[in-house]
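> Mind folding the following:
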Amino acid sequence: MAETGARVFIVEDNEEFVFGLKMLLTCWGHTPVGEVYWAATAMNCIQTLMEKRVQILTLDRDLFGGDVIARGFVNLVRRECPNVVIVGLAGLPIEGVHYNLGRENVCQLDEVIRRFVQ
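This next block holds a predicted model:
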């Protein structure tokens with residue numbers, strides 16, 4: 001049986017980082033299904049996560065418009081979308097995520113995704 005990749009949603013305000021991350025995900029066989037750049041948009045994306053059947057959510061801490069962690073984004077996703085695995089890709093660890101990878105280790109994201117998504 002052929003391996004299938006994960007459906008990944010990106011929460012990040014750096015467009016160049018998003019572009020590179022989407023390229024990496026695609027090369028690894030995963031499907032980037034969306035991204036948000038603004039804190040307010042992130043706080044309202046739960047329905048999108050469900051509709052797109054997101055399996056992995058990569059998360060930065062500070063977006064345009066504020067800190068989504070302080071606004072309770074991680075708790076919201078974990079409560080409303082309990083099957084979505086949240087991977088922190090911020091400069092500092094993010095409390096409450098399933099895995100903190102950090103920006104400096106983004107090359108290991110494929111390995112992390114494959115651990116969580118079978």
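> Tell me if I am right that Arg79 is in a strand.
No. Arg79 sits outside any strand when classified using DSSP: H, G, I helix; E, B strand; the rest coil, being helix.
> Pull the number of nearby residues for it.
Per other CB atoms under 10 Å, the neighbour tally for Arg79 reads 10. For every residue, glycine as well, the C-beta is placed using N, CA and C.
> Repeat that for the one 3 residues further on.
In terms of burial, Pro82 registers 7 neighbours under the definition other CB under 10 Å.
> Same question for Leu76.
Counted with other CB under 10 Å, Leu76 comes out at 16.
> Please report how far the residue lying closest to it once chain neighbours are set aside lies from Tyr37.
Nearest residue to Leu76 in three dimensions, chain neighbours excluded: Ile46, at 6.6 Å (CB to CB, 6 or more residues apart in numbering). Going from Ile46 to Tyr37 by CB to CB, to the nearest Å gives 17 Å.
> pLDDT score for Arg53?
For Arg53, the model assigns a pLDDT of 96.
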